[in-house]
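Participant: Need coordinates for the following:
(2 chains)
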Number of protein chains: 2
Amino acid sequence: MTAYQREPDTGVGIVQRQHMTWAAPLQLEGGGSLAHVTLAYETYGCLNASASNAILLLHGLSGDAHAAGHHSPADRKPGWWDAMVGPGRAFDTDRYFVICSNVIGGCQGSTGPASRDPGAGGPARPYGSHFPVITIGDMVRAQARLIDALGIGRLLAVAGGSMGGFQALEWATALPQRVRGAILLATSARSATQTIAWNSIGRQAIMRDPHWRGGDYYSHEPPADGLALARMIGHITYLSDVSLDARFGRRLQASADPAFTLGPEFAIESYLDYQGDIFTARFDANSYLYITKAMDYWDLSDRYGSLDAAMARARADFLLLSFDSDWLYPSSESAAIATSLRRAGRRAEHVDLHSDAGHDAFLVDLADQELIVTAFLAQL
Amino acid sequence: MTAYQREPDTGVGIVQRQHMTWAAPLQLEGGGSLAHVTLAYETYGCLNASASNAILLLHGLSGDAHAAGHHSPADRKPGWWDAMVGPGRAFDTDRYFVICSNVIGGCQGSTGPASRDPGAGGPARPYGSHFPVITIGDMVRAQARLIDALGIGRLLAVAGGSMGGFQALEWATALPQRVRGAILLATSARSATQTIAWNSIGRQAIMRDPHWRGGDYYSHEPPADGLALARMIGHITYLSDVSLDARFGRRLQASADPAFTLGPEFAIESYLDYQGDIFTARFDANSYLYITKAMDYWDLSDRYGSLDAAMARARADFLLLSFDSDWLYPSSESAAIATSLRRAGRRAEHVDLHSDAGHDAFLVDLADQELIVTAFLAQL
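Facilitator: Next comes the predicted model:
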């Protein structure tokens, strides 16, 4: 997903990644536990005296704790939601204390399959194939430790798109007393069959790459081809056919006439190749496996018997934003959540925004989103 | 794509694959030529004395010449369009002489990358990486040789879905005097950006498989993992989210509870794995590369300046069928072709059928299609 860019000096400025570690094992939904869980996180703005102005941002599959600002003046790209976070922006750091942490299972500072396995005998060794399968619930229970440690009882809001929306829904239903407002963007209360299918093909691409070695590749060359393929597939599901046609069409990358070779030739092909390959420089293939698996297990209706029953647990006010060209998490999914919330007597505002940007819209088509989120937060 | 099944004894019965070879080189659109081109084909019914009842069926990406009947009594599955071809069926073999040939570049008997390269020095060697990149136009010019050899000047009809529709359009515009009726199903006059993207990712999966060896793998293990991945991706694009949800939902394949492992677990995952792996037993990875590349180059508007200009070349009557859940070749593509045909004064009947089956509908949702095709053919 492409980040919307603004001048760095108008945002939160230079920020630092922080870490917190807990010795007590985190019990996991799938059985077993994780000891010495570390979360990487960033904060923007200041917590007020009553600890009532905290907003937790929740990232998607390939995101990280770096939601806003730059890590150094030389940093080329700001955080993934930079245009939404800062003084005077939707998540206004003059008013709110904004937190974002990398999920467990990730590879951007939080405990994940590439982290050192404290249970391994002998010399230090990464988890690799010994990392346990985790769930969205596990991710959120790890985050709750961070929120506890920061001295925050109740969050003013949780907010996230895509898998970040899963986590926001998990917060609002598993820990309802701790959430005053929930902002869900381009998300769903369950992974649909097609989502599982795309995730599964991505995992197969990684696991069929001979460099994957059953997950224990950390002292060898990583399964970069498999991860690049998984990312290419994901990328197309994040865009719409309209935006692909407008941005790339049938344009050839390097010449006016077809080369009549098998290699990449169309601009969309060069773009995909590039997106696939740069992803491998910043993301761990095992994290891709564990996080997509957590996404596939996501189904609130199954957990609580029905979507109505799940939403009846919530105590927060809800804002749901969907985008009409998002075919991965179509508007109907948000509408279903909003209906169940209203049946349960909750305030639920659902806005289906027009955008050609597909699922990526929540990261790139920010003008309307910014206004709506600002207004929603002001009413909490 | 799944074939619609009927009892073998009500169809065309036992059929045999035939072959024809031409010594004269076939000049190719991308430059160069292919010598000793062989086409594998099947025929059903009898050519009449005036050679005016011939219908050419054109297959899609993974199809072959075996459109109907069984190759032996032990054959489990009939040809790919069996329910449409036979006595009393839409392509009525009591009235029509029906022909289907495997495309060049394919791997089911026609000349393709796995065929012996007649230009290779020394011992017999398959083309492999020396096979030239071909186009839809090349496929059709090879087919025209077969139609010539069968003594047919003008085809009563050409008919095909998906890439078969590309070929039908190519026949109708490149060889307009030779086509009286054209039946186009779930197709387009160009490969859209998203189609190129999916094809390209499939090719990358094959070409990044170390067993591909630059295309010269025929005396080694083939790139089965890459080809399986390409097929899995294709498969999802042929189905709709509604049909995926109805057929598989979130059902687990083997147990009631999640296993919390990284392996395939949901029914949709087992299905995809199975579809990917069985495909490798019947299809050649290089053929997948060459045929998808031919599809990507497909753009009639570019060739003739505009879709209107392309369609103004046609002399046939047209029937266009699209399916409302087909997101790979959406109805709008058929509508655009029909509009251009009408502007050119051609008869063009476009029916957008309801189906949940996605792009696959033209192979599986046959009830309406059968009636409409029957009526169209009767009017030619």
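
Participant: switch to C-alpha atoms for all contacts and neighbour counts from now on
Facilitator: Fine.

Participant: Using the three-state scheme, assign the closest residue to chain B within the stretch 251-380 of chain A.
Facilitator: Relative to chain B, the nearest point of the stretch 251-380 of chain A is residue A:260 (5.4 Å; C-alpha to the nearest C-alpha). Going by DSSP: H, G, I helix; E, B strand; the rest coil, the secondary structure assigned to residue A:260 is coil.

Participant: Make sure it is actually in contact with residue B:131.
Facilitator: No. Taking contacts as C-alpha atoms under 8 Å, residue A:260 lies outside contact range of residue B:131: 11.2 Å.

Participant: who has more neighbours, the two?
Facilitator: residue B:131 (21 against 17; other C-alpha atoms under 10 Å in any protein chain shown).

Participant: Next, the contact list for the more buried one, please.
Facilitator: Each residue near residue B:131 by C-alpha atoms under 8 Å, 6 or more residues apart in numbering or on different chains is listed here: B:112-113.

Participant: what do you get if the cut-off is 10 Å, keeping everything else the same?
Facilitator: Applying C-alpha atoms under 10 Å, 6 or more residues apart in numbering or on different chains, we find residue B:131 in contact with B:33-34, B:105, B:111-115, B:117, B:215, B:286-287, B:290.

Participant: any idea how far it lies from residue A:110?
Facilitator: Applying C-alpha to C-alpha, to the nearest Å, the value for residue B:131 to residue A:110 is 49 Å.

Participant: what's the residue closest to the geometric middle of chain A?
Facilitator: Centroid-nearest residue in chain A, with C-alpha atoms, centre = their mean: residue A:60, separated by 1.1 Å.

Participant: pLDDT wise, what is that one at?
Facilitator: pLDDT for residue A:60: 98.

Participant: wait, does the host helix or strand of residue A:194 make contact with chain B?
Facilitator: Element membership for residue A:194, per DSSP states H and E: helix A:193-207. Yes. Judged by C-alpha under 10 Å from any C-alpha of the partner chain, helix A:193-207 comes into contact with chain B through A:193-205, A:207.

Participant: residue ranges for the strands of the stretch 101-250 of chain A, please.
Facilitator: With DSSP state E, counting those that start in this stretch as the criterion, the stretch 101-250 of chain A has strands at A:155-161, A:179-185.

Participant: now the angle from the first one to strand A:179-185?
Facilitator: Orientation check (axes from the mean of the first three to the mean of the last three C-alpha atoms, to 10 degrees): strand A:155-161 against strand A:179-185 gives 10 degrees.

Participant: how about the helices in the stretch 251-380 of chain A?
Facilitator: Listed in chain order, the helices of the stretch 251-380 of chain A (DSSP state H, counting those that start in this stretch) span A:267-282, A:285-297, A:300-304, A:307-311, A:331-343, A:361-364, A:367-378.

Participant: Identify the spatial nearest neighbour of residue A:208, chain neighbours not counted.
Facilitator: residue B:225 (6.4 Å; C-alpha to C-alpha, 6 or more residues apart in numbering or on different chains).

Participant: residues in contact with that neighbour?
Facilitator: Neighbour list for residue B:225: A:204-205, A:207-210, B:205-206, B:208-212, B:231, B:276-277, B:280, B:285 [criterion: C-alpha under 10 Å, 6+ apart].

Participant: Restricting to C-alpha, output stretch A:257-271 in PDB.
Facilitator: This file holds the C-alpha atoms of stretch A:257-271, laid out as PDB (Å, rounded to 0.1, in the frame of the first residue of the first chain):
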ATOM      1  CA  ASP A 257       6.200  -1.700 -29.500                       C
ATOM      2  CA  PRO A 258       5.900  -5.100 -28.000                       C
ATOM      3  CA  ALA A 259       9.200  -6.900 -27.500                       C
ATOM      4  CA  PHE A 260       7.700 -10.400 -28.100                       C
ATOM      5  CA  THR A 261       9.600 -11.900 -25.200                       C
ATOM      6  CA  LEU A 262       8.300 -13.700 -22.100                       C
ATOM      7  CA  GLY A 263       9.700 -11.100 -19.600                       C
ATOM      8  CA  PRO A 264       7.800  -8.300 -17.900                       C
ATOM      9  CA  GLU A 265       7.000  -5.600 -20.500                       C
ATOM     10  CA  PHE A 266       3.800  -3.800 -19.600                       C
ATOM     11  CA  ALA A 267       4.100  -1.000 -17.000                       C
ATOM     12  CA  ILE A 268       1.800  -2.900 -14.600                       C
ATOM     13  CA  GLU A 269       4.300  -5.800 -14.700                       C
ATOM     14  CA  SER A 270       7.300  -3.600 -13.900                       C
ATOM     15  CA  TYR A 271       5.300  -2.100 -11.100                       C
END
